[in-house]
Each structure stands twice: as structure tokens, then as C-alpha cells.
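Student: quick one: sequence plus predicted model below, questions after.
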Amino acid sequence: MHTFKEKKLTPAILSAILFSVLTFLVVQNVTWFNQLDSAIYQFNWKPNDLITSIVNLFAKTATIVPIFIVSLIVSFVLWRKKQKLLAFWMSSNVLVVSALGFILKHAVARTRPNVEHLAERTSYSFPSGHSLLAMCLACSIILMAQTIYKKQTKKYNTLKTLLIVYVVLIGVSRIYLRVHYPSDIIGGFLLSFSWVNLSYICLQKVYLNRKFSTSEDKKKFVQRTILSALTLLLFVVTGASFYGATVFKNVQKTADKMYQPLNRKTTPVELNNSEPVSFLLLGIANDSKRKTDLRANTIMVVTVNNQLKETTITSIPRDAYVEIVGKDGAYDKINHAHSFGGDEMMIDTVEHYLGIPINHYFVINMDGLAALSDAVGGVTVNNDFEFDAEGIHYPKGEQHLGGWETLQYARMRYEDPLGDYGRQKRQREVTIQLTKELMSMKSVFRYQELLDVIGENGQTDMALDQMMLLMKNYQKALENIESYQMQGEGFTGDGYTGEEGISYQSISEEEKEKVTTELKKQLNLE
């Protein structure tokens, strides 16, 4: 067997270090880095439809199916040339980097650039899956050709040049289509380059440059290696299956605990078909210290539209003066509906007031917000002004909050110039950040703590299979969340309009119509 030139370890190690630094900058959300990374999207230009279609089609060549098919074809050629381990290495590279990319995407959970996208988006942004797969295939083929066709220099150099050009064009295409930051592209390149080169160096040391006494010894070594790899894969799959079954059992237990169906007729929604769906999200102040009476301090109507790829969160003032359904035409604060008739009366009142169907509801005990925030590792908020609450100082600007800090940040209203509207704005901000954290891969590693918190403090009429369909079929919409605050004007009851001496919020017909029109648009209602 020939002895092949040893591949140097330095480029692979350097690439891995650069990828680690890049990942750190992305995860830490460093301001100067973000500004530099998004600078390319500050230029306004009008895309050509024909060029966009061609670029879109070209970019699809770097998705998992075509890349894996090409790797299998190359592996088949290598197998025919008696290079069985090299063939196994070739195809396994694509699977490994694809898995690494998937895990990192959900662990980092970076959102796409906030610009108009020219291509369909899937999952998160960092690292770029297209760049990752393109570099993986190119590096693997280049190293394979270097090993097998080392004497045919001209053909090797031509192939190498074509592959490098292909990889660069894939990276450029993702920027052109406005679906990735430059760091996403570079991150994909660096991760693939590191893995392919490190795995090739290991292959060289254990096989390519190893001397065998006889061809039979070589054959047995290859067979043992492939068998060992397949056995390891079997153990990994078995372990993952067992872990998955345990997780599912615990999730089912929590879902059963949360499941509280209501005795009311609801508009059926086909979650399998990704039809628009609406929710009423209630934050209940169940606090024995403050002697509250289980009123809904947070009232949000959430619409999820997969066709528009958008989720909206609309806050309703808790003091809004509305007709309470089930109280013989009586008017009162909207959150009193929860005190009078619980979740059911609250949903009926919101439906009647806005003229839209509420398909499902979620209730969370606001005191459980602290535990939920701790369970996801805290949330990052951007505070509009400096204030103090419950002995905690909140400076102006971006800051990372722990559980108790998150709860007080969402609760404070007396120091807010906007009063309850300012509090509702912060509550929407916290809700959006918690949603993003819950959907990220890093939450998987703390799933039991999350399940315990949600099970103790949450309630919904959605069964587990419905929640799984929501997470599976509506992911694109859940990544793009917009929020709105329903505006009103304060007044004091005089005994005729509202109870005397009590503060209310009057919502104008124009504001109500504006909110209702937008919600109906989100739900595809006429």
C-alpha cells in the first residue's frame, strides 16, 4: 500500500478556533459585531426576478438530498476502486456535518436577517446549512481526489478550482437571497472544513498510511472498522431512542396535568393543514402575598398564520371597559370576566368584544414566570428607561435577567411613564423572548426542569398531539413575531358608566375596528 503525504493538522485546528470565536460573538450578541455583520443589508437594491429564480434554483443544489446523493455516487466509485473505508468516510461526512449544523442552529437559535427574504426560510440562521453542506462535499471530494488521483495533477487542479468556485457561489447566493448574515456563511464553511480535515487526518493515521503484512490483514481491518462503526451507530440510535421515549413519557405526563378542556363550542382548526389559529394567553396574578383574586393581569390575543409566516401578539388593556358575556349585558373591566366565570367567561368575552374566534387558550400563573425564566437560563431584554422595582435596579439598555428579575421587570408599572401600557409592552417583550428560548435546542438539555415549571403553573385546552403539531407545522410563523398594543383612554367611573371612583380604559370604536380588522386578516376571515 502507498504511503500518502500526511495532512497537516494546523489548518483544521485554526479553523475550529475561528469557528468557536465566531459562535461566541453570535451567541453573546455583541453590538459592534452585529452592526458589522448586518452592514451588507444597509444597501437598498431591487432584485431581478429572473436572476432571483436562477439563484434560488442553484442554491437548492446545496440541500441535504442532492449533496448526499452526490456523496453516495462518489462513495460507490471509491468502493469499486477497493477504497471501502474512504467510501464510508465520504458519505458519513455529509451526515455528521448535517447533524452538527442542526444541533447548532437550534442551540444558538439565531433569527434570520430582518429584511425581505427572497427565498423560503427553514429553521434558524447560524450556521448556514447550504454553506455547511457545500463545503463538506467540496472538501471531501478534494481530499479524496488528492488521495486517489495524486499523479493526475492537471485534472486534480481543475476539479479543485471548480469545487471552490461552487462553494463561493453558494455562499454568495445565500447573501443575495437575504436569508443569512455573512457570519452564518463563514460559520458553515469553517465548521465543515474543520470536521472534514480532522476526520481525514484520523483516517490517514489509522488506515491510509498504515502498513499491513498481507492483503488479508488489510481486508479484515476494513471489515472490523466498518462493523465497529455500524455497531457504535446502533448503540447511539438505541440510546437516543430510549432517551426519546423517556422524554416523551415525561412530556405526556406534563401535558395531561396541564390539559383543562372547557365546556364550550370552539371553531375547529386543522393543524395538520397549517390553518391560521388563534389563542388567548392569560397571565394570572395568583399571589397570596398581595391577596389577589385570580384576575387576569395579562391578556394577549395570539394569532399564528403559516401562510403569512407571521405570529402576532395583541395586548388588551386589563381595565378595558367592555360587555361581560354571561352577566346579562353588564359592562365592567375585561379582566373581571375571569374573576366572575374563569377561563371560559374570559374567552367568551374576548370573542364577543373582538368578533373573532378564539381556538385555544393558555394560562400561566405570573408567579411561575420567575421559575420559567430561570429554567431557560434567563432572558435578554432591552429596557427603555432606568427604574427600580422590588429593590432591583434596572439600567437603561440591553441586559440579561434572571427569574425573579424577569418577573419584577414584567410587573412594574408605577414608575413607567406609560403606566399599564408600558407594563404590557414589557410583558410582550418577555413573552417573545421566552418563546424563542423555549424553541431553542438548548432548552432540550433542561427539559425536565421546564416540564416541572410549566406543569405546575400552566393550563391549556390543547392536548399533547395538538401542541406537537403546532410546534412542527407552524415553526416558520413562530420565528417571526410581531406585537401590538390596543390603545385606550382612561376615565373614572361615575356610577352610571362604570363603578364610581374606579379607573377604566375606554377603547374607541376606531381603535377597536383597527385591531379587529388586523386580527381577521391574520386569521383569513372576511
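Tutor: Okay, I see it.
Student: so what touches stretch 193-206?
Tutor: By CB atoms under 8 Å, 6 or more residues apart in numbering, the list of residues contacting stretch 193-206 from outside reads 4, 6-7, 9, 11-12, 15-16, 19, 85-86, 89, 93, 96-97, 100, 135-136, 139-140, 143, 225. Placement of C-beta: from N, CA and C, glycine included.
Student: filter those residues to the buried ones?
Tutor: The neighbour count (16 or more other CB atoms under 10 Å) marks 7, 12, 15-16, 19, 85-86, 89, 93, 97, 100, 135-136, 139-140, 143, 225 as buried among the contacts of stretch 193-206.
Student: need the pLDDT of Tyr41.
Tutor: Looking at Tyr41, its pLDDT reads 84.
Student: now do the one 3 residues further on
Tutor: Note for Asn44: predicted pLDDT of 75.
Student: what about it, neighbour count?
Tutor: A count of neighbours around Asn44, defined by other CB atoms under 10 Å, yields 5.
Student: mind checking the SS state of it?
Tutor: With DSSP: H, G, I helix; E, B strand; the rest coil as the basis, Asn44 sits in coil.
Student: how near is it to Arg178?
Tutor: Asn44 is 12 Å from Arg178, where distance means CB to CB, to the nearest Å.
Student: repeat for Val94
Tutor: Val94 is 26 Å from Arg178, where distance means CB to CB.
Student: neighbour count winner among these two?
Tutor: Neighbours were counted for Val94 and for Arg178 using other CB under 10 Å; Val94 has more, 24 against 18.
Student: just give me the neighbour total for the closest residue in space to the more buried one that isn't next to it in sequence.
Tutor: Closest residue to Val94 apart from its sequence neighbours, by CB to CB, 6 or more residues apart in numbering: Ser71 at 4.7 Å. Residues near Ser71, counting by other CB under 10 Å, number 22.
Student: so what's Ser71 up against?
Tutor: 90-91, 93-94, 137, 140.
Student: make it 7 Å
Tutor: 90-91, 94, 137, 140 (CB atoms under 7 Å, 6 or more residues apart in numbering).
Student: now do it, the pLDDT please.
Tutor: We have a pLDDT of 87 for Ser71.
Student: look up phi and psi at Gly391.
Tutor: Backbone torsions for Gly391, taken as degrees, to the nearest 10, come to phi 80, psi 10.
Student: quick one: it from Met412, how far?
Tutor: 12 Å.
Student: between the two, which one's more packed in?
Tutor: The residue with more neighbours, out of Gly391 and Met412, is Met412; 18 against 6, by other CB under 10 Å.
Student: what's the longest strand along the chain in contact with?
Tutor: Longest strand in the chain by number of residues (criterion: DSSP state E): strand 296-305. Strand 296-305 is contacted by residues 276-285, 311-316, 318, 334-335, 338, 346, 350, 354, 366, 427, 474, 477-478, 519, 522-523 when judged by CB under 7 Å, 6+ apart.
Student: and stretch 20-34, by the same measure?
Tutor: Residues outside stretch 20-34 that contact it (CB under 7 Å, 6+ apart): 108, 110, 126, 183, 186-187, 190.
Student: what do you get if the cut-off is 8 Å, keeping everything else the same?
Tutor: Under the criterion CB under 8 Å, 6+ apart, residues 104, 108, 110, 126, 183, 186-187, 190, 380, 398 lie in contact with stretch 20-34.
Student: could you pull up the mean pLDDT of it?
Tutor: For stretch 20-34, mean pLDDT rounds to 85.
Student: cool, stretch 329-336 as well?
Tutor: Mean per-residue pLDDT for stretch 329-336: 90.
Student: give the buried residues for it.
Tutor: Within stretch 329-336, the residues that count as buried by 16+ other CB under 10 Å are 332-336.
Student: which pair of those spans the longest distance?
Tutor: Asp332 and Asn335 (9.0 Å; CB to CB).
Student: downstream neighbour of the one helix or strand in the chain whose mean pLDDT sits lowest in the secondary structure list?
Tutor: In the chain, no helix or strand scores lower on mean pLDDT, DSSP states H and E than helix 215-258, which sits at a mean of 72. For helix 215-258, the following helix or strand on the C-terminal side (DSSP states H and E) is strand 277-284.
Student: looking at the buried residues of stretch 329-336, which are in helices?
Tutor: His336 (DSSP state H).
Student: from the buried residues of stretch 329-336, which is closest to Glu405?
Tutor: Ranked by distance to Glu405 (CB to CB), the buried residues of stretch 329-336 are led by Asn335 at 25.0 Å.
Student: roughly how far apart are the closest one and Met346?
Tutor: Distance, Asn335 to Met346, by CB to CB: 8 Å.
Student: go on, Phe88?
Tutor: Using CB to CB, Phe88 is found at 60 Å from Met346.
Student: now do Leu177
Tutor: Remark: distance between Leu177 and Met346 (CB to CB) = 44 Å.
Student: these two: who's more crowded?
Tutor: Between Leu177 and Met346, Met346 has the larger neighbour count (other CB under 10 Å), namely 28 against 19.
Student: looking at it, the more buried one is touching Leu280, isn't it?
Tutor: Yes. Using CB atoms under 8 Å, Met346 is in contact with Leu280, at 7.1 Å.
Student: distance to Asp465 added to the buried residues of stretch 329-336, as a markdown table?
Tutor: What follows is these, written out as a markdown table (distance: CB to CB, whole Å):
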| residue | distance to Asp465 |
| --- | --- |
| Asp332 | 37 |
| Lys333 | 36 |
| Ile334 | 32 |
| Asn335 | 31 |
| His336 | 34 |
